[in-house]
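K.L.:
Coordinates for the following, if possible.
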Amino acid sequence: MCRFNETDVSVFDNRLKELKRTDKYLTVKKSDVTVQEIEGGPIFSMINAETYDSDEGHIQKASEEGCLAFSYTADGKQHIVPFDQIGQASFLQRIGLNCPMMNASTGNTRFDAMSQESKVNAIQSVLPLWKDKVIVLIRDGMARYAGSEASSFEEMQQADLFDHLTCAMQEEYPYAAFVSASGDNSETEVRFDLQDDTLNANLKKAFGEEVTAQILFATSDVGLRAASVFPIAKIEDMVVPIGPALELLHKKPNKAADIEGLVPKLSGAFKEDAKAIEELGKTKINFPRGCFNAVAKTLISKTVLTKKVVLDVGDEVEMMYPYGCTGLNVYRALLMAIRAETDSRDLKQWDVLVMYETLARTLSVSYSEYDHAVEL
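P.N.:
Numbering: from 1, shown residues only. The predicted model follows:
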């Protein structure tokens, strides 16, 4: 996995355009799709390379990570490429074999614990049930995506989404500035400072301190989630999610240009979000630890936030606010828990964004309803 952090918009833009230039998109009949083992493992990668559309390095990486090979027919020829981890995971999700709560067979063996041969058999038994044709993305000689024809991800590539977003931003927020971009070979996040005095003033009133209105744009190359625009507040070195994301789903007939329609909605979103933050700052909480625990339960149940981190931050909340606090203090303490979780684990960007999104959605709930003793 190639991670990147970039503060130069030209370098970042060139990176996306290079991916678009070299990526290979195909639509194939499901009857022309199979999977197979990468026989022999890493030690035979050089021999295997003779029958693959990939070099031995990719085959070795796939076999070391326990990935299978993806076979498809196109242009009258059979092509075999190894999956990468993200590509295989997304493919398995789409055929119903990668859910932690499900068994991959009639027995009790989970898919990830199966032998390679059993995995192949399980996939082959499910593939005929798929109704759609299969859209395939080959990136750098590996299968990055194999999914339903209903997805429009091939018409919503990261480079095109970014271009249309920046064009719309220039019209709506002429002084907006690119701050940074980060991600890997599957996901991308971009942060913009809107440099809008009206939005900044509203947020300053809500938070009671200097704030800048920013947005976080996030998308993936495989359509695992929507192309999302998150309203955020930047307070010193802290990024605070203040509202649910505006989303463009990776579903047909959506196209990359449709993301331009989200930008005019930002002003109204920031206005409503500022009101919610202001109201939270006026909400008196007599049981800070209890309120913190009650709201945190939602995050623990819906995200990767762990009980251990919540307990640790909860101890700090108890010490910080012995005589009560505001709902906004609790909200920011929950953000501390998210940051502690991300600092302690190597999480996927999507996992972090889901925590942000879930936290932001709690702004629609009255924190005063949770103002009582609650144990985790």
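K.L.:
Low-confidence regions, this protein specifically.
P.N.:
1-2, 41-49, 98-109, 222-224 (pLDDT under 70).
K.L.:
Domain map for it?
P.N.:
The record's domain split for the chain, according to automatic domain parsing, is 24-149, 158-275, 283-370.
K.L.:
and the longest one, how far apart are its ends?
P.N.:
Between the start and the finish of domain 24-149 there is a gap of 16 Å, counting by C-alpha to C-alpha, to the nearest Å.
K.L.:
can you check stretch 273-292 too?
P.N.:
Criterion C-alpha to C-alpha; first-to-last residue distance in stretch 273-292 is 20 Å.
K.L.:
Please enumerate the helices of the stretch 101-250 of the chain.
P.N.:
Listed in chain order, the helices of the stretch 101-250 of the chain (DSSP state H, counting those that start in this stretch) span 116-126, 158-172, 197-207.
K.L.:
Could you pull out the buried residues of the second one?
P.N.:
Of the residues in helix 158-172, those buried under the neighbour-count criterion (16 or more other C-beta atoms under 10 Å) are 158-166, 168-169, 172. Every C-beta, even on glycine, is put in place using the N, C-alpha and C of the backbone.
K.L.:
Show me what it is packed against.
P.N.:
Packing contacts for helix 158-172, counted by 3 or more C-beta pairs under 8 Å, 6 or more residues apart in numbering; DSSP states H and E, involve helix 9-22, strand 187-193, strand 212-220.
K.L.:
Identify, out of those, the most deeply packed stretch.
P.N.:
Of all the helices and strands packed on helix 158-172, strand 212-220 carries the top mean neighbour count, a mean of 24, counting by mean count of other C-beta atoms under 10 Å.
K.L.:
tell me how far that one is from the chain's mean position?
P.N.:
12 Å (C-alpha atoms, centre = their mean, to the nearest Å).
K.L.:
For Ile277, which non-adjacent residue is closest in space?
P.N.:
Of all residues not flanking Ile277 in the chain, Ala206 sits nearest, at 4.0 Å (C-beta to C-beta, 6 or more residues apart in numbering).
K.L.:
Ala74 against Lys29, yeah?
P.N.:
No. Using C-beta atoms under 8 Å as the test, Ala74 is too far from Lys29 to be in contact (9.8 Å).
K.L.:
what's the neighbour count on Leu353?
P.N.:
Leu353 has 21 neighbours, counted by other C-beta atoms under 10 Å.
K.L.:
Using CSV, write down the CA coordinates of stretch 169-176.
P.N.:
C-alpha atoms of stretch 169-176 as CSV (Å, rounded to 0.1, in the frame of the first residue of the first chain):
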residue,chain,number,x,y,z
MET,A,169,-15.4,25.8,-5.4
GLN,A,170,-13.8,28.6,-7.4
GLU,A,171,-17.2,30.0,-8.3
GLU,A,172,-18.8,29.6,-4.9
TYR,A,173,-15.8,30.4,-2.8
PRO,A,174,-13.3,32.4,-4.9
TYR,A,175,-10.8,32.7,-2.1
ALA,A,176,-10.8,29.0,-1.1
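K.L.:
what does that stretch contact?
P.N.:
Contacts with stretch 169-176, where a contact means C-beta atoms under 8 Å, 6 or more residues apart in numbering, come from 192-196, 263-264, 266-267.
K.L.:
Turn those into CSV, columns for distance to Met355.
P.N.:
CSV is the format used below for the contacts of stretch 169-176 (distance: C-beta to C-beta, whole Å):
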residue, distance to Met355
Phe192, 21
Asp193, 22
Leu194, 23
Gln195, 27
Asp196, 26
Val263, 25
Pro264, 28
Leu266, 22
Ser267, 26
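K.L.:
of the residues you listed, buried ones?
P.N.:
Buried by 16+ other C-beta under 10 Å: 192-194, 196, 263, 266-267, out of the contacts of stretch 169-176.
K.L.:
Any chance of those residues in JSON lines with distance to Leu68 as columns?
P.N.:
Conversion of the buried ones among the contacts of stretch 169-176 to JSON lines gives the following (distance: C-beta to C-beta, whole Å):
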{"residue": "Phe192", "distance to Leu68": "39"}
{"residue": "Asp193", "distance to Leu68": "44"}
{"residue": "Leu194", "distance to Leu68": "45"}
{"residue": "Asp196", "distance to Leu68": "49"}
{"residue": "Val263", "distance to Leu68": "41"}
{"residue": "Leu266", "distance to Leu68": "42"}
{"residue": "Ser267", "distance to Leu68": "48"}
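K.L.:
any idea which of these is closest to Ile95?
P.N.:
Closest approach between the buried ones among the contacts of stretch 169-176 and Ile95, by C-beta to C-beta: Val263, at 35.7 Å.
K.L.:
excluding its backbone neighbours, what's nearest the closest one?
P.N.:
Counting by C-beta to C-beta, 6+ apart, Ala168 is the residue found nearest to Val263 once chain neighbours are left out, at 4.0 Å.
K.L.:
which of the buried ones among the contacts of stretch 169-176 lies closest to Asp315?
P.N.:
Distance to Asp315 across the buried ones among the contacts of stretch 169-176 (C-beta to C-beta) is lowest for Asp193, with 34.7 Å.
K.L.:
Now do the contacts for the closest one.
P.N.:
The contact partners of Asp193, taken as C-beta under 8 Å, 6+ apart, are 176-177, 179, 212-214, 234.
K.L.:
Redo those residues as a markdown table? Include distance to Cys325.
P.N.:
Formatted as a markdown table, these follow (distance: C-beta to C-beta, whole Å):
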| residue | distance to Cys325 |
| --- | --- |
| Ala176 | 34 |
| Ala177 | 34 |
| Val179 | 31 |
| Thr212 | 24 |
| Ala213 | 25 |
| Gln214 | 26 |
| Lys234 | 23 |
